[in-house]
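Novice: build me a model from this:
(one chain, ligands or ions: 2)
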Amino acid sequence: MPGPLKPAPAAPNGLNPNSAFYKAREKVHPKKVEGPFRLFKWAVLFLTLGIYYITPWLRWDRGEFSPDQAVLVDLANRRFYFGPIEIWPQEFYYVAGLLIMAGLGLFLVTTSVGRAWCGYACPQTVWTDLYMAVERWVEGDRNDRIKLDKAPMSAEKLAKRTTKHAIWLGIAVLTGGAWVFYFTDAPTLLRELLTGQAPFVAYATIGVLTFTTYSLAGLMREQVCTYMCPWPRIQSAMLDEDSFLVTYKAWRGEPRGSVKSAEAAPGTIGDCVDCMACVNVCPTGIDIRNGPQLECITCALCIDACNDVMDKLGRPRDLIGYTTLKRDVAESKGETLAPMWKVIARPRVLIYGAVWAAIGIGMLVVLAGRSRMDISVAQERNPVFVVLSDGDIRNSYTVKLLNKEHRPREFDLTVSGLDNARLSLPVSGEAPAKRLRLKVRPDGVDTYRVQVRVPAASIEDEQSEIVFKARAADGDGDTMETTRFTAPEREDDGDQE
Ligand code: SF4
Ligand code: SF4
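Specialist: Ligands and ions are numbered 1, 2, ... in the order given. Coordinates of the predicted model:
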């Protein structure tokens, strides 16, 4: 049997070949803290979780034939409902626009105020914060939890652990449950879930999301931000010396020392009393006094903790504060600081903001002016044209008419671009006319084969541009599409009918 590993001689690169590749996790026991940033975090937590859990239960009256759920991703019918807005699959560019806006918004926030998304609004942060609050409520604050971790198993420890994990699981189930309600009528699905009649995929989705919520927010916590999330690495590229970060003002805090040593040698000791309050409240377990770090999610709880210490000592606040690298250097030299608006309203931020606003306004304009109907026209190729016995030329087209309203409608179809063009349906037996009235089913597409007949005298070229226009018979909207009309070459009479 091999003996225990002995320290190996250092490799030429200086690394010990027996050392572990990954550092073992040191469990973080964040301490309770109070202050304005903590209050703000509570507000964001309640707001975001409230929106997430309540939204599927909000109703929106869209009339008799439409679902009344305010926000609904109707996969079966390939629709997305958002209040009065209904997005069809062919309008997916709206969703793409929203995603682009979300990405740009993240750039904008990061460039101006650093990792505010990570610190306050990221789902991982919000749910972890909620899970930590439950843990604190059940097992006590930092010292109690450390003691409980070290204590041997007892009835009390078992009861506390069981209660904590049961509440965590309950939150995880509710989180998965809320998600599936976005995809179908929430009250109906809840009834089906409770009576065991919901589709398997609903139970499976809740199961997966229960597992991920419980493990990511309850067990893995800060490791998700440190090791799994790519965003901290991407953000580093967006930050510059004018980005706001949670910063320890080393020029003011160092050399750190106790109150006693400061009193014994006035003027030689900095403001930091090395009380570790900032480290103990940190949800990622880092020491902000070591400078900016990848693990720092910029939650600002260390600012609250340190300000509390400074207040008690009667020293100025903001030894740890939100500031930029440039302002920190200027402050350390006693220089006058530029006004805050100048730091925030710099070109990079303004450009991100302008692009973001332009996309948003563009989408609103397109949304406001979009038609509730659509047309698509395809020219038939076999044959491309027919020369009729009276000399007229005829082309055939497949016309698809889309009615986005939840009531049957009639559309008047006309064609322009060639004089005296007339339309007919081959199956109707009616004489060609300048206008065809076509019925279209509610909330769907109807396809018609349409023939266009044009006197030879009206045609100059082999290929002419024509425009099909569909106009709602009730006058409520129109839509058009351009296509080609093909005629024979002068010396070629084409197929004769
Ligand atoms: S809370 Fe403030 S005083 Fe205490 S260790 Fe941190 S920086 Fe120093
Ligand atoms: S160092 Fe401060 S701001 Fe950064 S994660 Fe820790 S508590 Fe939050």
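Novice: only C-alpha atoms, please: export stretch 112-122 in CSV.
Specialist: Output in CSV follows, covering the C-alpha atoms of stretch 112-122 (Å, rounded to 0.1, in the frame of the first residue of the first chain):
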residue,chain,number,x,y,z
SER,A,112,-21.4,53.8,-15.2
VAL,A,113,-21.9,52.2,-11.8
GLY,A,114,-19.8,49.0,-12.0
ARG,A,115,-21.2,45.6,-11.1
ALA,A,116,-24.5,46.9,-9.8
TRP,A,117,-26.3,44.1,-11.6
CYS,A,118,-24.3,41.5,-9.8
GLY,A,119,-24.7,43.2,-6.4
TYR,A,120,-28.4,43.9,-6.5
ALA,A,121,-30.5,42.4,-9.3
CYS,A,122,-28.9,39.2,-10.6
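Novice: what does the stretch 151-300 of the chain put close to ligand 2?
Specialist: 246, 281-284, 286, 288, 296-300 (CB under 6 Å from any ligand atom). C-beta here means a position set from N, CA and C on the backbone, and glycine is covered the same way.
Novice: switch the cut-off to 8 Å
Specialist: Within reach of ligand 2 by CB under 8 Å from any ligand atom, the stretch 151-300 of the chain has these residues: 246, 278, 281-288, 293, 295-300.
Novice: do you know the pLDDT at Ala11?
Specialist: In this prediction, Ala11 carries a pLDDT score of 45.
Novice: the residue most central in space within the chain: which element?
Specialist: By CA atoms, centre = their mean, the chain has its centre lying nearest to Ala102, at 5.8 Å. Using DSSP states H and E, Ala102 sits within helix 92-113.
Novice: chain center to that helix, what's the gap?
Specialist: How far helix 92-113 lies from its chain's middle: 8 Å, per CA atoms, centre = their mean, to the nearest Å.
Novice: which other residues reach the next helix or strand after that helix?
Specialist: Sequence order places helix 116 as the next helix or strand after helix 92-113, per DSSP H and E. For helix 116, the surrounding residues in contact (CB atoms under 8 Å, 6 or more residues apart in numbering) are 109-110, 298.
Novice: average model confidence for helix 116?
Specialist: Rounded mean pLDDT across helix 116 is 88.
Novice: state the distance from the nearest residue to Ala186 once chain neighbours are set aside to ligand 2.
Specialist: Distances taken as CB to CB, 6 or more residues apart in numbering place Pro56 nearest to Ala186, at 4.2 Å, with adjacent residues excluded. Here Pro56 is placed at a distance of 32 Å from ligand 2 (CB to the nearest ligand atom, to the nearest Å).
Novice: you'd agree Pro56 is in a strand?
Specialist: No - assigned with DSSP: H, G, I helix; E, B strand; the rest coil, Pro56 falls outside any strand and is helix.
Novice: neighbours around Ile359, how many?
Specialist: For Ile359, the neighbour count with other CB atoms under 10 Å is 15.
Novice: what does Arg471 give?
Specialist: Neighbours around Arg471, by other CB under 10 Å: 18.
Novice: OK, contacts around it?
Specialist: 411-412, 414, 477-478.
Novice: give me the element Thr163 is part of.
Specialist: Here Thr163 is assigned to helix 155-180, by DSSP H and E.
Novice: state the next helix or strand along the chain beyond that helix.
Specialist: helix 186-194.
Novice: how far off centre is that next one?
Specialist: Worked out by CA atoms, centre = their mean, helix 186-194 lies 26 Å from the chain centre.
Novice: so Thr284 touches Thr226, yeah?
Specialist: Yes - with contacts counted by CB atoms under 8 Å, Thr284 reaches Thr226, the gap being 6.8 Å.
Novice: shared neighbours of these two, which are they?
Specialist: The contact lists of Thr284 and Thr226 share Glu295, where a contact means CB under 8 Å, 6+ apart.
Novice: from the contacts of Arg471, which single one is nearest ligand 1?
Specialist: Of all the contacts of Arg471, ligand 1 sits closest to Gly477, with 64.1 Å by CB to the nearest ligand atom.
Novice: what's the domain layout of this structure?
Specialist: Residue ranges for the domains of the chain, per automatic domain parsing: 36-235, 240-337, 373-486.
Novice: out of those, which is closest to ligand 1?
Specialist: That would be domain 240-337 among the domains of the chain, by CB to the nearest ligand atom, at 3.3 Å.
Novice: what's the end-to-end length of stretch 53-66?
Specialist: Stretch 53-66 has an end-to-end distance of 23 Å (criterion: CA to CA, to the nearest Å).
Novice: before we move on, what about stretch 216-224?
Specialist: End-to-end distance (CA to CA), stretch 216-224: 7 Å.
Novice: related to what we said a few turns ago, the helix holding Ala102 - contacts with which helices or strands?
Specialist: helix 347-369 (3 or more CB pairs under 8 Å, 6 or more residues apart in numbering; DSSP states H and E).
Novice: touching the helix it packs on from outside, list them.
Specialist: Counting by CB under 8 Å, 6+ apart, 85, 94, 97-98, 100-101, 104-105, 107-108, 111-112, 240 sit against helix 347-369.
Novice: ok, so of the residues you listed, who is nearest ligand 2?
Specialist: Ser112 (16.9 Å).
Novice: burial check on the closest one, number of neighbours?
Specialist: For Ser112, using other CB under 10 Å, the count is 20.
Novice: shouldn't it be in contact with Ser243?
Specialist: Yes - in this structure, Ser112 is within contact of Ser243 by CB under 8 Å, at 7.3 Å.
Novice: need the pLDDT of the residue of the stretch 351-497 of the chain found nearest ligand 1.
Specialist: In the stretch 351-497 of the chain, no residue comes nearer to ligand 1 than Tyr352, which is 32.6 Å away by CB to the nearest ligand atom. Per-residue pLDDT puts Tyr352 at 90.
Novice: and what of Ala96?
Specialist: Value for Ala96, per-residue pLDDT: 88.
Novice: can you check Leu313 too?
Specialist: Per the predicted model, pLDDT is 94 at Leu313.
Novice: and what of Val73?
Specialist: 93.
Novice: again, but for Glu263
Specialist: So Glu263 comes in at 84 (pLDDT).
Novice: count of neighbours near the closest residue to Glu34 other than its chain neighbours?
Specialist: Sequence neighbours aside, Asp304 is the residue nearest to Glu34 in space, at 6.6 Å (criterion: CB to CB, 6+ apart). Other residues near Asp304 come to 22 when the count uses other CB under 10 Å.
Novice: ok, which residues in the stretch 301-450 of the chain are in contact with ligand 1?
Specialist: 302, 305-306, 309-310, 319-320.
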